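Trainee: Below is the sequence, then the predicted model.
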Amino acid sequence: MKTDNEIRCSSPAVSYGRVLFGMNVPEETVSKTREILREVPQLTDVFMNPTISLKKKYSVIDKVFPEEMRNFLKTVCRYQRMGLIDEIFAAYENCRESHKGIIHAVLSCVTPPGEEQKKGIEAFICRKYGAGEARLQVRRDDSLMGGFLLRVGSDEYDWSIKGRMDRLYDTLTGR
């Protein structure tokens, strides 16, 4: 299963996630709703089924979900966005963490960094982006040949041997 940070969110999902965050629903309530939908995937199937009336869908929502989430879920159903619910929750988590000053980064490398190196990279990210906390996800990538590639949002810092060789090749060939 993908984590929230690995889920790519479509534009509508980001919009719904922002709205959910802006509703100031307690985190526990959002988590409970998410848990219900994960544990009973048939609910999502019902909500996505066009042959089931909105009235019946609303009735199920009223019976199953916490009160603070009902209107939001009804809106998601009304506009036929229940297929995006995982993305919506991921976008909500991104908004929540961004509000708390948490930034995510992906470090691709051949050899995993030591704790000191990891702390140094996290400190760099916090300074550069004005974040209170950096969460670093480390991925092994043997194609880099050495060094590392750091991605923070849409920014990329390439200190890999492969990246340096590519830049040298581009310089030598006039690209």
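Mentor: Cool, got the structure. Numbers count the residues shown, from 1 in each chain.
Trainee: got the residue ranges for the strands in the protein?
Mentor: Shown for the chain, the strands assigned by DSSP state E span residues 102-109, 133-140, 147-152, 155-160.
Trainee: Tabulate those in CSV, adding columns for mean neighbour count, distance to residue 28 and mean pLDDT.
Mentor: Where you see a C-beta, it was placed from the backbone N, CA and C, and this is true even at glycine. Shown next, in CSV, are those (neighbours: other Cβ atoms under 10 Å; distance: least, Cβ to Cβ, whole Å; pLDDT from 0 to 100):
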stretch, mean neighbour count, distance to residue 28, mean pLDDT
strand 102-109, 19, 19, 95
strand 133-140, 14, 21, 96
strand 147-152, 19, 30, 96
strand 155-160, 15, 34, 96
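Trainee: now those strands in a markdown table, with distance to residue 166?
Mentor: Shown next, in a markdown table, are these (distance: least, Cβ to Cβ, whole Å):
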| stretch | distance to residue 166 |
| --- | --- |
| strand 102-109 | 15 |
| strand 133-140 | 19 |
| strand 147-152 | 12 |
| strand 155-160 | 9 |
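Trainee: Out of the ones you listed, which is closest to residue 96?
Mentor: Counting by Cβ to Cβ, residue 96 lies closest to strand 102-109 out of these; the figure is 8.7 Å.
Trainee: what's the closest one packed up against?
Mentor: helix 115-129, strand 133-140, strand 147-152 (3 or more Cβ pairs under 8 Å, 6 or more residues apart in numbering; DSSP states H and E).
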